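S.K.: Following is a predicted model, sequence given first.
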Amino acid sequence: MTLRLLAFAGSLRKGSLNRKLLRVAAGMAEAGGAVVDVAEFSEFDGPSFNADVQESTGLPPGPREFQRRLELVDGFLLASPEYNYSIAGPVKNLIDWVSRIRPMPLRGKSALIMAVSGGAIGGIRGLWQLRIPLEGCGVFVLPDMFIVPNGRDAFTPEGGLANPEARARLEKLVQGYLGFAKSLASPT
């Protein structure tokens with residue numbers, strides 16, 4: 001069985017450190033045999049969730065594209081920034097939109113979540129908050145998460161992780177996630 005994954009960073013910023021981390025992890029997943037659809041968050045962005053908008057015009061194009069892409073994969077890789085000690089607003093907004101769809105496109109998917117931060121904490125507080133709505137929507141989030149503190153110095157000019165120990169930890173985590181995701185994926 002070939003594992004199919006969606007990979008995206010939960011940031012709209014062009015110079016996002018989380019996008020850099022996501023690309024490293026996606027490359028590792030591809031090397032491990034997964035087919036990875038790397039997306040830009042701007043493809044999924046939408047207006048602030050409003051049930052009145054949903055009732056009058058339906059799902060906006062960005063969340064609808066996220067739904068479409070989710071329906072094609074077994075799981076996803078998500079590198080998300082921490083905003084003010086919590087989940088990034090654009091990511092939470094996307095989850096809020098997609099959670100209204102029936103059947104729920106997140107339910108039964110697996111996820112590996114990770115974060116990069118410019119500070120010493122590495123974004124872990126945001127990841128703990130991110131787990132709550134994902135798991136509430138039926139996503140099987142890998143128990144282990146990956147963080148990169150002091151992100152401005154964490155990448156090589158080519159975009160790889162500069163620290164060999166961090167690179168090895170991420171490689172091990174991605175390989176563990178691939179096994180986890182395969183065990184949950186239905187054969188096609």
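M.R.: Happy to help now that I have it.
S.K.: helix/strand/coil for the closest residue to residue 124 other than its chain neighbours?
M.R.: Closest residue to residue 124 apart from its sequence neighbours, by Cβ to Cβ, 6 or more residues apart in numbering: residue 147 at 5.0 Å. C-betas here are computed from N, CA, C, even on glycine. Here residue 147 takes the strand state, with states given by DSSP: H, G, I helix; E, B strand; the rest coil.
S.K.: got a list of what residue 147 touches?
M.R.: By Cβ atoms under 8 Å, 6 or more residues apart in numbering, the contact set of residue 147 is 114, 115, 116, 117, 121, 122, 123, 124, 127.
S.K.: how close does the third one get to residue 30?
M.R.: Residue 116 sits 20 Å away from residue 30, taking Cβ to Cβ, to the nearest Å as the criterion.
S.K.: quick one: which of the contacts of residue 147 is nearest to residue 1?
M.R.: residue 114 (24.2 Å; Cβ to Cβ).
S.K.: picking up where we left off before, more neighbours: residue 116 and residue 30, which one.
M.R.: Each of residue 116 and residue 30 has its neighbours counted (other Cβ atoms under 10 Å); residue 116 has more, 29 against 15.
S.K.: Could you check how many residues crowd around the nearest residue to residue 61 once chain neighbours are set aside?
M.R.: Of all residues not flanking residue 61 in the chain, residue 46 sits nearest, at 7.3 Å (Cβ to Cβ, 6+ apart). Residue 46 is flanked by 20 other residues according to other Cβ under 10 Å.
S.K.: Wait, a strand at residue 46?
M.R.: No - Residue 46 sits outside any strand when classified using three-state DSSP, being coil.
S.K.: Just list the residues touching it, thanks.
M.R.: 60, 61, 62, 63, 93, 94, 97.
S.K.: So which residue of the chain lies furthest out from the middle?
M.R.: residue 56 (29.3 Å; Cα atoms, centre = their mean).
S.K.: Can you list the buried residues in stretch 145-158?
M.R.: In terms of neighbour count (16 or more other Cβ atoms under 10 Å), stretch 145-158 has its buried residues at 145, 146, 147, 148, 149, 151, 154, 155.
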